[in-house]
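>>> sequence and predicted structure, then a few things I'm wondering about:
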Amino acid sequence: MPVIFVPWAQHLLSKAVPQEGENILDVACGTGIVARMAKSRVGPSGNVAGVDLNSGMLNVAKSIVGSSRINCIEADVGNIPLESKSFDKAYCQQGLQFFPNKVGALKEIHRLLRSGGKCLVVAAQSLEQHPLMNSQVAALTKHIDANAAAGIRAVCSLPNGNEIAEYFKEAGFDKVSWETVDLTLLHKDGRAFIQNGIMSTPLAGIIATWSDTDRNALLDDILEGLSTCFDGKALTFPHISSVVMGTKA
């Protein structure tokens with residue numbers, strides 16, 4: 001969802017700006033939004049690697065940028081087949097909350113960074129702070145069941161910035177800091193945005209079998225839950241996350 005991921009990528013890169021000639025790591029890169037933005041900043045003398053366990057996401061990234069511009073690597077974040085001390089900065093956008101071994105993942109990132117290198121992570125805060133996801137959870141629970149919303153709940157499963165900062169320290173990072181950041185996001189066609197978002201989830205196969213009436217009822221309920229953010233056309237909503245940064249000594 002570019003409406004969400006592009007502004008967060010811009011924010012991360014503004015907190016620790018990639019410099020000309022640097023080597024950059026995008027962890028849980030997905031379709032490579034952070035990686036693509038970083039590549040434009042490091043120039044031809046810099047290098048960018050994107051790591052993800054999802055081959056489908058990596059294939060999309062490759063199709064957009066080409067393998068010659070960004071090194072796309074299919075690997076578990078706890079065991080990345082790259083040389084130690086080879087990166088200047090590492091970014092992870094909305095990925096840490098999904099890693100089974102969060103400290104182990106951060107230790108691996110720490111290994112890959114050079115002395116003085118920085119790691120930045122953004123992770124969504126609590127579900128109650130996110131009207132968009134809260135409304136989706138309620139509607140999916142009503143129209144399918146509680147388990148249908150598990151993936152959305154997982155996005156908000158690491159809401160405490162202090163907890164993330166402690167993971168950083170345990171992984172060996174120095175000068176760890178964090179802040180709460182609240183971005184206001186906008187999509188000019190709220191209904192299309194909600195529909196495209198739902199149909200890009202694993203639930204798409206189920207919902208595709210429904211009648212138009214049932215699909216529209218689901219969308220109506222999500223938008224009704226977003227009444228304070230939806231003006232009948234555009235959707236304007238808050239997205240609140242912890243942004244954590246650590247430096248390798």
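Cool, the structure landed.

>>> worst-scoring helix or strand of this structure, pLDDT-wise?
helix 55-65 (a mean of 87; mean pLDDT, DSSP states H and E).

>>> name the residues of that one that come out as buried.
For helix 55-65, a neighbour-count test (16 or more other CB atoms under 10 Å) marks Met57, Leu58, Ala61, Lys62, Val65 as buried. In short, each C-beta sits where N, CA and C put it, glycine included.

>>> show me what whatever helix or strand comes next after it is packed up against.
Elements were assigned by DSSP states H and E; along the chain past helix 55-65, the next helix or strand is strand 71-74. Secondary-structure packing of strand 71-74 (3 or more CB pairs under 8 Å, 6 or more residues apart in numbering; DSSP states H and E): strand 47-52, helix 55-65.

>>> so where do the helices sit in this structure?
2-15, 33-42, 55-65, 102-112, 131-143, 150-155, 161-170, 190-198, 204-208, 212-225 (DSSP state H).

>>> how about JSON lines for the ones you listed, with distance to Ile240 added?
Output for those, formatted as JSON lines (distance: least, CB to CB, whole Å):
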{"stretch": "helix 2-15", "distance to Ile240": "11"}
{"stretch": "helix 33-42", "distance to Ile240": "19"}
{"stretch": "helix 55-65", "distance to Ile240": "25"}
{"stretch": "helix 102-112", "distance to Ile240": "20"}
{"stretch": "helix 131-143", "distance to Ile240": "10"}
{"stretch": "helix 150-155", "distance to Ile240": "12"}
{"stretch": "helix 161-170", "distance to Ile240": "11"}
{"stretch": "helix 190-198", "distance to Ile240": "18"}
{"stretch": "helix 204-208", "distance to Ile240": "27"}
{"stretch": "helix 212-225", "distance to Ile240": "17"}
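
>>> mean pLDDT lowest where, among those helices?
Note on those: lowest mean pLDDT is at helix 55-65, with a mean of 87.

>>> quick one: distance of it to the chain centre.
Distance, stretch centre to chain centre, for helix 55-65: 16 Å (CA atoms, centre = their mean, to the nearest Å).

>>> now do stretch 7-23
Between the centre of stretch 7-23 and the centre of its chain there are 15 Å (CA atoms, centre = their mean).
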